[in-house]
Structures are given as C-alpha cells and as structure tokens.
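J.: Pasted the sequence and its predicted model underneath.
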Amino acid sequence: MSDVLNVSEIFGKNVFNDAVMKDRLPKNVYKKLKKTVEDGAELDPSIADVVAHAMKDWAIERGATHYTHWFQPLTGVTAEKHDSFISAPSDGKVIMEFSGKELIKGEPDASSFPSGGLRATFEARGYTVWDCTSPAFLREDAIGVTLCIPTSFCSYKGEALDKKTPLLRSMQAVNEQALRILRLFGNTTARRVAPSVGAEQEYFLVDREKYLQRKDLIYTGRTLFGAMPPKGQELEDHYFGAIRERIGSYMNDVNKELWKLGVPAKTQHNEVAPAQHELAPIYEGVNQAVDHNQIVMETLKKVAGRHGMACLLHEKPFAGVNGSGKHNNWSLTADDGTNLLNPGDTPHENIQFLLVLACIIKAVDLHADLLRESAADVGNDHRLGANEAPPAIISIFLGEQLEDVIDQLCSTGEATHSKKGGTLRTGVDILPDLDKDATDRNRTSPFAFTGNKFEFRMVGSSDSIASPNTVLNTIVAEAFKEAADALEKAEDFDMAVHDMIKEMLSAHRRVIFNGNGYSDEWVAEAGKRGLPNIRSMVEAIPALTTDKAVKLFEEFGVFTRAELESRAEVEYENFSKAINIEARTMYDMASKSIIPAVIKYTTQLAASISAVKGACPEADVSTQTGLLMEASGLLADTKAAVLRLAQVTEKAAGADGGIAQAAAYHSEVVPAMEALRAPVDKLEMIVDKELWPMPSYGDLIFEV
C-alpha cells in the first residue's frame, strides 16, 4: 500500500497558502494580510518583512535556494529571473536572507519585453510587484527548488506591461458594480463579488523522436505540411475512449505535479481528434485561475519530455482534424455564497438573476468585437469557424427555458412560468429514472449559458485566459453601472427594474441564438441581425482602439488609451512575426528537404523506367511514366510556389508599420503558404515513404 497516492497529503504541499500563513505568521500580521487578500484592502507595507522571513524559512526548509518574481508579460507566456537567498559572504560564510523589499518589488528589464511603444529601447526600468492574492509556490525541476512569487509587471511610469495588472483592475471594477446590484435587492451581507473561472485545457501529445524530425513542429508548433492518413477522427472512437498506458502514466504525473502546486485538476479524458486530450480544473477565483492555467500549460509541456513525448498547445497542429481550445467557464460569486448567475428553480420569478442576465446579454451584444478580439491569436485563425469550434460570430446560447422566459417578457411584458426539465426514462427497468435539466447544451455556441455560468468557448489552447476575462469583467461592469445608476434613482424600484429588464432584452436579444452555429444559414441570419463576423486576428485587433473601447476601459481604470494602443501594436507585431517564421520554415523545409526528396524519387523512377525498357522493350511502363509525369509536374508547382512565397514574404517584411505589415502577411503570405502546401501534400501521397523526409500525420497522431 506504500505506492498508493494520498491526494489530500500532497495537494498544495508546495504552496504558501492560507493554512501555511496562519501557522507561520504572527496573528496580527496574518489578519492584515488576510484582509488584503479577502477584502481587497491596501497592502500594509509594514508586514512585508515578517511575511518575507516566514516565506523564506518555509521555502528553504523544502530545499529552495532561489526565488523569482513570476510574471506574465505580453509575450503570452510567463517570465522569471532567479536570485539566490544568499547575502554578501562574511568570514567565508553566507547568510540566507530575503527582505520585504525583495518580496514586494523586483526590477526586470522592461525594454526587453513587448511594450508596443510604451517603453523605448533605452528606457529599461520596469517593476514587478507582489500580488499577495495569488499564493507563492515552489517549483521543483532540474534547476532545483525555486520559490515563485506571482507578480504584476509595470513600467517606470506605471503603465501595465503584462496580463495580470489589467485583470486585477477589471476585477475591482466588476466587484464595485456588482455590489451595487446586490444592494439594490437588499443584500447587505456580501462584501465582495469576484469572478470565478474554470478553464478546460485541450492539448495534443506526439512522440518526441518523431516531433524532433519535424522542423515545422519545432519552430511553429504546428504542421505546415501533411497529407491526411486513411483514418482521422471519422469514427469518433477516440473521444472519451480508453486512455492508453503511456498517456495514462503521463496524466498521472501531470496530476501529481499540479496537485502539489494547489492546482485543482479534476477531469481528464481523450478528446475528439486522435492524440488529443483534455484537462479541466475545479472553479476558482479568476486571478488564481489565470495563474493556474499558465502553470497547467507549463506542466503539460515539462512532463511530456519526461515521458518521451512532446505536448502541442497550438490551436491547429494538424489540418483535417479538430484543433484545440480552452473553454473559459465564467461566473460571478459573492463572498456570502451568492452566485449571481444562479437562475434558481423558477427563473421567471428571480428578478435579480434576470437583471444580471439582461446586463450580460447587453454587454456581449454591445462589445462583441472586443470579446472576439480577446480570443484572437495566430493559431486561432485556423480554428474559429471550423466544424470543431465556435464560429467567428459572437452569439449567446441560453437554452429553451430562459429563451421562453425572455419571449414572455418581450411579447407580453410578464413572465408567468418557467419550463421544467421533466424526467428522463431510459426504458430499461434496472436503470433509474433521472431528472432532466430544463435546457440542453449547445457546443456550437461561442458564449453559452450552462446552468450557473457562461462558457466562453473561443479562447485558443495556447493563449492566456487573462485577456478574455479582463474583457468580460469590464463589459459586464459597464452594464451593471448603467443599470445601477438608473435604478438607484427610481421612485418605484419594482416597476423600474421590470421595465429595464424588458427594455434591455428587447434591445439586445438579436445576439441570442440557440441553433446550429456551424451552419451556413446562421452566417446569413447573423448578417441580417447586424452581428459582426470577424474572421481573422488582423481584422479583430482594431476593436482594441475604437473610441467605444477607449471610453469603456478608461472609465473603469482598466486600460489607458496608450495601453490599448500598445497592445494593438504588440498583437500586430506578434501576427507578423509568427507568420514570417512559418513562411521561412516552409521555405526551408521545401527547399532543403522536400524538393531534394522528390528529385531523388523521380530520378529513381526514371532510372527504373529506363531499366525496364532496356530489359524488355515491349513492357508496359505507362504506370511508372504517369507517376513520373505527375510527380514532376507537382515538383514544378512546388518550386514555383516556393519562389512565390519567398517574394511575398520579403515584400511583407518590408511593409511600413504594424498594421500594414500584418495586413500584408495576412492577405499575401498566408495564401502563398497555402499554395505551397497544396502540391507538397499531394506529393506525400506519391513519393516512396522511405524517401519522404519527415514523419507523416499517421506516424504522429496514431503512434504515441
């Protein structure tokens, strides 16, 4: 029994969590820190040294030698600089020290991270600032044991240079406005309302040796060439299928690593595509959920290497099979246990819920472009709108029950009943009858209500969930504020709130759609409704800097105009750089590996034809000749496409300005890449497998 894993013993063992703080900090210090964490009170700097000392002792006892301010710059991944605990040696000895100043503030080079013009190259100073609402943790790896302190990252002038700072600002905004809504309904117990999030994470696993034979996977995270194998996901036999031993061993190690770090990893299963899997956590506060999702992605990659595999987080690593996303399950919960998105058994009578729902519908309709932009990245351009992910059109699924309530309110002005779920009868005597939910689910909706939360399904698998949650928090805060501003002045609250709900639902119900979001009919219908259909990242980015967006974010102190403009610039640059790398990788692979392999194949084929004709002049070599002609024609097409790709890539690289350059890569380089891939994928089906210079799709997704 010694090998039995006791989850309760290892969970959170490497986290400086509330239990550890309560045990190690003086009572008065603990209370002050707790007040900051729970109530959002300003941090008392006087306690920093005491907390730092306790944190250091705890970390060193567990083998830590270094600490780092762990932050999330605009690169989309985490960053860190390690410092040891040792102080200046004296008499040949060192003392292990860690001060409150070192805990609270760090100073990485701000000019070396993306800033979109906020920082000039010569302006290097930037600060990392301790976020005490997300607990410090210990990371164990080949470096040793490192104390990781979650921090915000800002410039010398105070501009946010990271994902966390705007998120924290948006949490303040939605908390303030949500409390106003609760107070209108007589709730005097709630002191704080916080968004809760559970981020489901999809990923692919491939054999590492095969991965290392694919330059496209190494450099770009996705396959730039590849013909479909005879079997893909048509039989739908991988989804929820039995987990293979090698994958199971990997998942087991991932869970152990995550549980030690306090990440509440809950669900694991095979996803739809071969070699695709999913991990889902339990809901938690959005700030910690964002940090934990970064830890999840890092852990998935790290542990894969130990098992001789590579973890692919790209949104579309393989053409022709499902890509990967992460479903951002978002809700609002007060510290007294009130879930603002809980409709109850009779939602038609739950006026507080209906007001909250109407505000969210309004927010999503008014700011669909911002919500779409929050999920925009280079990889997601390959996924959104395909038959595996939400379309690029933002719509809301509410289900039959809530849609019926809204229909009643909008048509008659009164909602008198709520549809019930009924009973599910299987027709098998030994199986119990079950209570059905009042509403089915809809996997084609980008923003779906699923009981007591909304599931935003657009977010890409490699992306941080900070941006979509920052947008969600802020747009909902705006809708709450406008509602509270009006209702707080109302002479007859009951009448005013009733009229407001009806008016908001009537004005914004165009965004509600319960049907098949994948259908062509919906695209046409959405156009008639005036809903935006933003198909690409380049088309989405301008939403950040509209007057509407600037007014929204500045009103709630989430972003300044300069911060929004900088983020738009960073995103244009990221798109251009990513496509440039992909184009250069395609050129390299085609020129150095694929074309030489095809030449070798055609040379051998031509020699075979000559040998056969020489040995037997009457032999029918039409099949070989046909293959030679086909391969030679495709080879010529490939060479021409390579030259064309080189030309348009050079032209795009020379374009002036972030917008112009990104547009050039999108409109010219991406089509040229597709034009190169087409003949190469056909050649893969012709050329001898022994001569083909890289593992095939079948090798990658079925042999792991």
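T.: Thanks, I have it.

J.: any chance you could map the helices in the stretch 601-704 of the chain?
T.: In the stretch 601-704 of the chain, helices defined by DSSP state H, counting those that start in this stretch lie at 622-653, 658-664, 670-684, 697-702, listed in chain order.

J.: Same question for the stretch 351-500 of the chain.
T.: Shown for the stretch 351-500 of the chain, the helices assigned by DSSP H, counting those that start in this stretch span residues 351-366, 368-374, 399-412, 466-487, 493-508.

J.: one step back: identify whichever of the helices of the stretch 601-704 of the chain lies nearest to Leu138.
T.: Ranking these by proximity to Leu138 (C-beta to C-beta) places helix 697-702 first, at 34.9 Å. C-betas here are computed from N, CA, C, even on glycine.

J.: tell me the mean pLDDT over the closest one?
T.: Model confidence over helix 697-702, given as mean pLDDT, is 94.

J.: now that helix: how far from the chain's centre is it?
T.: Chain-centre distance of helix 697-702: 25 Å, with C-alpha atoms, centre = their mean, to the nearest Å.

J.: got it, and stretch 73-93?
T.: Taking C-alpha atoms, centre = their mean, one finds the center of stretch 73-93 at 29 Å from the center of the full chain.

J.: what distance separates the start and the end of it?
T.: Distance between the boundary residues of stretch 73-93 (C-alpha to C-alpha, to the nearest Å) amounts to 37 Å.

J.: Of all the helices of the stretch 351-500 of the chain, which one is nearest Gly158?
T.: With respect to Gly158, and counting by C-beta to C-beta, the nearest of the helices of the stretch 351-500 of the chain is helix 466-487 at 17.6 Å.

J.: buried set for the closest one?
T.: 466-484, 487 (16 or more other C-beta atoms under 10 Å).

J.: And stretch 506-515, by the same measure?
T.: His508, Arg509, Arg510, Val511, Ile512, Phe513, Asn514.

J.: For that stretch, the averaged confidence score.
T.: What stretch 506-515 shows for mean pLDDT is 94.

J.: Centroid-nearest residue for the chain?
T.: Asp463 (3.6 Å; C-alpha atoms, centre = their mean).

J.: Around the residue lying closest to that residue once chain neighbours are set aside, how many other residues sit close by?
T.: Here the nearest residue to Asp463 in space, its sequence neighbours aside, is Asp377; by C-beta to C-beta, 6 or more residues apart in numbering that works out to 5.2 Å. When neighbours are counted by other C-beta atoms under 10 Å, Asp377 registers 24.

J.: one step back: relative to Met629, which of the helices of the stretch 351-500 of the chain is closest?
T.: Shortest distance between Met629 and the helices of the stretch 351-500 of the chain, using C-beta to C-beta, is found for helix 368-374: 47.1 Å.

J.: Check which helices and strands that closest one is in contact with.
T.: Using 3 or more C-beta pairs under 8 Å, 6 or more residues apart in numbering; DSSP states H and E, the elements in contact with helix 368-374 are helix 466-487, helix 537-540.

J.: Including distance to Phe11, could those go into JSON lines?
T.: Rendered in JSON lines, the data for these read as follows (distance: least, C-beta to C-beta, whole Å):
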{"stretch": "helix 466-487", "distance to Phe11": "25"}
{"stretch": "helix 537-540", "distance to Phe11": "38"}
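
J.: so which of those comes closest to Ala524?
T.: Proximity to Ala524 (C-beta to C-beta) singles out helix 537-540 among the helices and strands packed on helix 368-374, at 19.1 Å.

J.: between the helices of the stretch 351-500 of the chain, which has the poorest average model confidence?
T.: helix 399-412 (a mean of 87).

J.: tell me the angle of it relative to helix 351-366?
T.: Put simply, helix 399-412 runs at 90 degrees to helix 351-366, going by axes from the mean of the first three to the mean of the last three C-alpha atoms, to 10 degrees.

J.: How far off centre is helix 399-412?
T.: Put simply, helix 399-412 sits 32 Å off its chain's centre (C-alpha atoms, centre = their mean).

J.: So which bits of it are buried?
T.: Burial within helix 399-412, assessed by neighbour count using 16+ other C-beta under 10 Å, is assigned to Gly399, Gln401, Leu402, Glu403, Asp404, Val405, Ile406, Gln408, Leu409, Cys410.

J.: do stretch 263-272 as well
T.: Within stretch 263-272, the residues scored as buried using 16+ other C-beta under 10 Å are Val263, Pro264, Ala265, Gln268, Asn270, Glu271, Val272.

J.: Make JSON lines out of those and add pLDDT.
T.: Supplementary listing: these in JSON lines, determined by pLDDT from 0 to 100:
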{"residue": "Val263", "pLDDT": "97"}
{"residue": "Pro264", "pLDDT": "96"}
{"residue": "Ala265", "pLDDT": "95"}
{"residue": "Gln268", "pLDDT": "93"}
{"residue": "Asn270", "pLDDT": "91"}
{"residue": "Glu271", "pLDDT": "91"}
{"residue": "Val272", "pLDDT": "89"}
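
J.: Narrow those residues to those in helices?
T.: Assignment to helices by DSSP state H places none of the buried residues of stretch 263-272 there.

J.: Would you mind checking which of the residues you listed is nearest to Ala136?
T.: Val263 (14.2 Å).

J.: quick one, what contacts the nearest residue to that closest one once chain neighbours are set aside?
T.: Nearest residue to Val263 in three dimensions, chain neighbours excluded: His292, at 4.7 Å (C-beta to C-beta, 6+ apart). By C-beta atoms under 8 Å, 6 or more residues apart in numbering, the contact set of His292 is Ala199, Leu261, Gly262, Val263, Pro264, Pro281, Glu284.

J.: what number of residues lie near the spatially closest residue to the fifth one that is not a sequence neighbour?
T.: Once its chain neighbours are removed from consideration, Pro264 has its nearest residue in Ile282; the separation is 3.9 Å (C-beta to C-beta, 6+ apart). Around Ile282 there are 12 other residues, counting by other C-beta under 10 Å.

J.: Phi first, then psi, for Ile282.
T.: Backbone geometry at Ile282, expressed as degrees, to the nearest 10, gives phi -80, psi 150.

J.: Now for it: which residues touch it?
T.: Ile282 is in contact with Gly198, Pro264, Lys266, counting by C-beta under 8 Å, 6+ apart.

J.: just for the chain, where's the confidence low?
T.: Counting by pLDDT under 70, the chain contains low-confidence residues at 1-3, 119-124, 385-389, 422-431, 433-440.

J.: Nearest residue to Asp345 in space, ignoring adjacent ones along the chain?
T.: In space, Asp345 comes closest to Ser418 once its chain neighbours are excluded; the distance is 7.7 Å by C-beta to C-beta, 6+ apart.

J.: Make sure that neighbour is actually in contact with Leu354.
T.: No: under the contact definition of C-beta atoms under 8 Å, Ser418 does not touch Leu354, with a separation of 10.9 Å.

J.: Looking at those two, which one has more neighbours?
T.: Taking Ser418 and Leu354 together and counting by other C-beta under 10 Å, Leu354 has the greater number of neighbours (25 against 19).

J.: could you measure that one against Leu398, distance?
T.: Summarising the geometry, the distance separating Leu354 from Leu398, computed by C-beta to C-beta, to the nearest Å, is 12 Å.
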